[in-house]
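A.B. asks: Fold the stuff below for me.
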Amino acid sequence: MRMVRKLNWIFALFVLVGLFTGTVVFASTTATASKVADIPNLLYNAYVARSDQLNLTYTGKMTEITQASLNTALNTAMAKNDYIHFTMKTYGYSTSVVNGKWLITFPATYWETASEVEAVTAKAVEVFSQNVSVTMNAHQKVKALHDWLVTHFEYDTSMVEHSAYAGITGGKTVCQGYALMMFKLLTAAKIPVRIVSGKAGGQNHAWNLVQLDTKWYHLDPTWDDPVPDVSGRVVYSYYMLSDPEIKRNHTPVAGYPAATTYYDQTLISLITSDKSRASFYNSFLTTLSYQYSLPSNTVNNATELKTKITTAIRASQTSLVFRYMNKATFLNDLKTALKGTNKSASYSMSDYSKTATTNDGIVTLTLR
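C.D. replies: Down below sits the predicted model:
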């Protein structure tokens with residue numbers, strides 16, 4: 001006698017799902033498992049193969065299959081590879097009992113076919129070979145690949161295209177496609193990379209985490225390619241940021257590696273430790289507007305301020321720009337520093353958001 005008992009249908013929908021156009025036909029996969037621990041690998045292999053459905057017969061203990069164990073299996077499968085995860089359009093499962101055994105069906109839809117994934121991989125390898133030289137270190141490679149991406153992709157304001165494949169074939173995609181392509185580019189460069197999901201600007205959003213010299217940094221290529229698109233423009237506003245920096249307007253979901261290092265300090269350290277590339281680091285500090293993190297452009301107190309002003313007077317210099325470490329005391333410190341110089345001064349001050357400190361600012365000082 002064949003007994004079928006339909007149980008709960010539980011469907012997990014990926015957070016960045018949007019409008020999907022077109023019809024792609026995939027094949028179903030059939031498998032058997034006797035242990036819950038085997039299910040994630042079976043799922044992952046089915047997703048890699050772009051199977052539209054995994055039909056799984058479970059021969060282990062009936063009590064081992066629960067909503068919690070199946071949700072864990074799905075999450076474990078997704079965690080194996082961010083590219084696979086973020087090219088899933090929808091995924092979920094349904095359960096039945098047939099002749100005393102669990103029959104678990106895992107349906108799935110995708111933003112890219114297997115051949116399209118291969119095309120993206122091949123394009124990433126091509127871009128890497130054409131834009132990265134053997135003399136570059138990881139920092140230079142990330143910059144080169146970031147620059148290629150933001151100058152070759154354009155944000156899809158219609159929000160129809162969600163894949164890296166759409167980006168390399170039609171030139172347009174949303175944040176998901178940018179993050180996917182960055183993942184493939186850095187993977188080609190053998191640089192550890194993750195795809196982060198969360199919120200930014202009040203909307204669902206995806207960006208990257210990049211690991212350099214054991215330290216993680218946030219990289220948002222989409223927000224470094226603002227709308228409207230400008231041919232050849234490269235922006236670094238969301239390039240290699242720490243958690244506090246990215247969280248000013250991005251909210252990642254939990255579970256990602258911590259990004260606790262400020263990139264300005266990394267570059268300043270590399271100027272000393274990697275002297276053969278010091279000119280690159282110095283130039284890139286300015287490009288990233290980190291030049292005011294350098295000790296030569298930083299003033300800590302009234303004594304140092306007086307020295308800087310005195311040096312400028314001797315050089316007949318009337319305008320100074322520098323980072324002051326205590327905005328609250330600057331006016332009084334300036335009055336102290338000007339004593340005995342026969343000079344007056346005017347100034348403007350702006351916040352400096354490039355470091356962990358919050359009480360420093362950029363001062364533009366004019367001497368009269």
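A.B. asks: Give the helix, strand or coil label for the residue nearest in space to the middle of the chain.
C.D. replies: For the chain, the residue nearest the mean C-alpha position is Asn208 (1.8 Å; CA atoms, centre = their mean). When the structure is split into helix, strand and coil by DSSP: H, G, I helix; E, B strand; the rest coil, Asn208 lands in strand.
A.B. asks: if I look at it, how far off is Val132?
C.D. replies: 17 Å (CB to CB, to the nearest Å). From N, CA and C alone the C-beta is placed, and that goes for glycine too.
A.B. asks: about what we covered before: local confidence estimate at the residue nearest to the centre of the chain?
C.D. replies: At Asn208 the predicted local distance difference test score is 98.
A.B. asks: cool, Ser28 as well?
C.D. replies: Per the predicted model, pLDDT is 89 at Ser28.
A.B. asks: Kindly report the same for Lys141.
C.D. replies: You'll see Lys141 listed with a pLDDT of 98.
A.B. asks: again with the one 10 residues further on
C.D. replies: With respect to pLDDT, Thr151 has a value of 97.
A.B. asks: swap in the one 5 residues further on?
C.D. replies: Reading off the confidence values, Asp156 has pLDDT 96.
A.B. asks: What is the burial count for it?
C.D. replies: One way to gauge burial is a neighbour count; for Asp156, by other CB atoms under 10 Å, it gives 21.
A.B. asks: Show me the contact partners of the strand or helix carrying Asn75.
C.D. replies: Asn75 is located in helix 67-79, with elements delineated by DSSP states H and E. Applying CB atoms under 8 Å, 6 or more residues apart in numbering, the external contacts of helix 67-79 come out as 8, 10, 12, 36, 39-41, 43-44, 47, 84-85, 88, 91-93, 95, 104, 106.
A.B. asks: if you set the cut-off to 7 Å instead, what comes out?
C.D. replies: Contacts of helix 67-79 with the rest of the structure, by CB atoms under 7 Å, 6 or more residues apart in numbering, involve 10, 12, 36, 39-40, 43-44, 47, 85, 91, 93, 104.
A.B. asks: Could you list which of those residues belong to helices?
C.D. replies: Using DSSP state H, the members of the contacts of helix 67-79 that fall within helices are 39-40, 43-44, 47, 85.
A.B. asks: can you list those residues in CSV and add neighbour count?
C.D. replies: CSV is the format used below for the ones in helices among the contacts of helix 67-79 (neighbours: other CB atoms under 10 Å):
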residue, neighbour count
Ile39, 27
Pro40, 18
Leu43, 28
Tyr44, 19
Tyr47, 23
His85, 18
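A.B. asks: Now render those as JSON lines, adding distance to Ser163 and pLDDT.
C.D. replies: As requested, the ones in helices among the contacts of helix 67-79 are exported to JSON lines (distance: CB to CB, whole Å; pLDDT from 0 to 100):
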{"residue": "Ile39", "distance to Ser163": "27", "pLDDT": "98"}
{"residue": "Pro40", "distance to Ser163": "24", "pLDDT": "98"}
{"residue": "Leu43", "distance to Ser163": "21", "pLDDT": "97"}
{"residue": "Tyr44", "distance to Ser163": "19", "pLDDT": "97"}
{"residue": "Tyr47", "distance to Ser163": "15", "pLDDT": "97"}
{"residue": "His85", "distance to Ser163": "13", "pLDDT": "96"}
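A.B. asks: and which of the residues you listed is nearest to Val253?
C.D. replies: Ranked by distance to Val253 (CB to CB), the ones in helices among the contacts of helix 67-79 are led by His85 at 12.3 Å.
A.B. asks: residues contacting the closest one?
C.D. replies: Applying CB under 7 Å, 6+ apart, we find His85 in contact with Met78.
A.B. asks: And it, how close does it get to Thr287?
C.D. replies: Counting by CB to CB - His85 and Thr287 are separated by 33 Å.
A.B. asks: Which member of the contacts of helix 67-79 is positioned nearest Tyr352?
C.D. replies: Using CB to CB, the contacts of helix 67-79 come closest to Tyr352 at His85, 36.8 Å.
A.B. asks: show me where pLDDT drops low in the stretch 51-200 of the chain?
C.D. replies: Scanning the stretch 51-200 of the chain for pLDDT under 70 picks out nothing.
A.B. asks: need the helices for it, in chain order.
C.D. replies: For the stretch 51-200 of the chain, applying DSSP state H, counting those that start in this stretch gives helices covering 67-79, 82-86, 114-131, 138-152, 164-170, 175-188.
A.B. asks: Look up the closest residue to Ser348, ignoring the ones flanking it.
C.D. replies: Setting aside the residues directly before and after it, Ser348 is nearest to Thr364 in space (CB to CB, 6 or more residues apart in numbering), at 5.0 Å.
A.B. asks: do the same with Ile65
C.D. replies: Counting by CB to CB, 6+ apart, the nearest residue to Ile65 once its immediate chain neighbours are dropped is Trp102, at 4.9 Å.
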